[in-house]
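>>> Kindly generate the corresponding structure for this input.
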Amino acid sequence: MPNVASILAEKGSKVLTISKGATVLEAARMMNENKCGSLLVTEDTQLLGIITERDVLSRVVAAERDPAATPVLAVMTQEIAVCTAETSIEEARTVMRNRRIRHLPVVDGHDQLVGVVSIGDLNAYRLEGQEKTIHLLHEYLYGQPIT
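Coordinates of the predicted model:
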């Protein structure tokens, strides 16, 4: 059964982190520059939480807080779900669906960050598998590959 390691091998294990003392403005700029929807909040190598676009909208903008004066620690999501590289893709998808989250940090056996997967990563992996199946079926039915 395919697991999270399959996705990390394809996309890489780059993890964008920010310190708990950084401001929400710094976090928003970093997410914008990197075209991502979340940053993992760390202190040294310890995972403390995650700040997402949703956190910024609901806990800063809608609450009329100043992003330049609000520390990430004050608005990040602290109770986060994590998985390991050995977690199956379907199990990761189930966790995301049940918890209504779009980003899932990946940790090793020592709780050290090794990557992060998004719902987009899971969907892209599924799509790739379905495209392969379609090509094989087309070749089987018509005796020629799709061009």
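>>> drop to CA atoms for contacts and neighbour counts, all remaining ones
Fine.
>>> State the pLDDT value of residue 22.
With respect to pLDDT, residue 22 has a value of 98.
>>> which residues does it contact?
Going by CA atoms under 8 Å, 6 or more residues apart in numbering, residue 22 touches 71, 72.
>>> What of residue 77?
49, 50, 51, 55.
>>> does the second one belong to a helix or a strand, and which?
To tie it back to what came earlier, the one meant is residue 50. strand 46-52 (DSSP states H and E).
>>> Please work out which residues outside that strand touch it.
By CA under 8 Å, 6+ apart, the surrounding residues in contact with strand 46-52 are 20, 27, 37-42, 72, 75-80, 112-113.
>>> can you do 10 Å?
The contact list for strand 46-52, computed with CA atoms under 10 Å, 6 or more residues apart in numbering, reads 17-20, 24, 27-28, 31, 36-43, 72-73, 75-81, 101-105, 107, 111-113.
>>> tell me which residues of that strand are tucked away?
In terms of neighbour count (16 or more other CA atoms under 10 Å), strand 46-52 has its buried residues at 47, 48, 49, 50, 51, 52.
>>> circling back: now the buried members of the contacts of strand 46-52.
By neighbour count, with 16+ other CA under 10 Å, those hold 17-20, 24, 27-28, 31, 37-42, 72-73, 75-77, 81, 101-105, 107, 113 as buried.
>>> Restricted to helices, list those residues.
Residues of the buried ones among the contacts of strand 46-52 located in helices (DSSP state H): 24, 27, 28, 31, 72, 73, 75.
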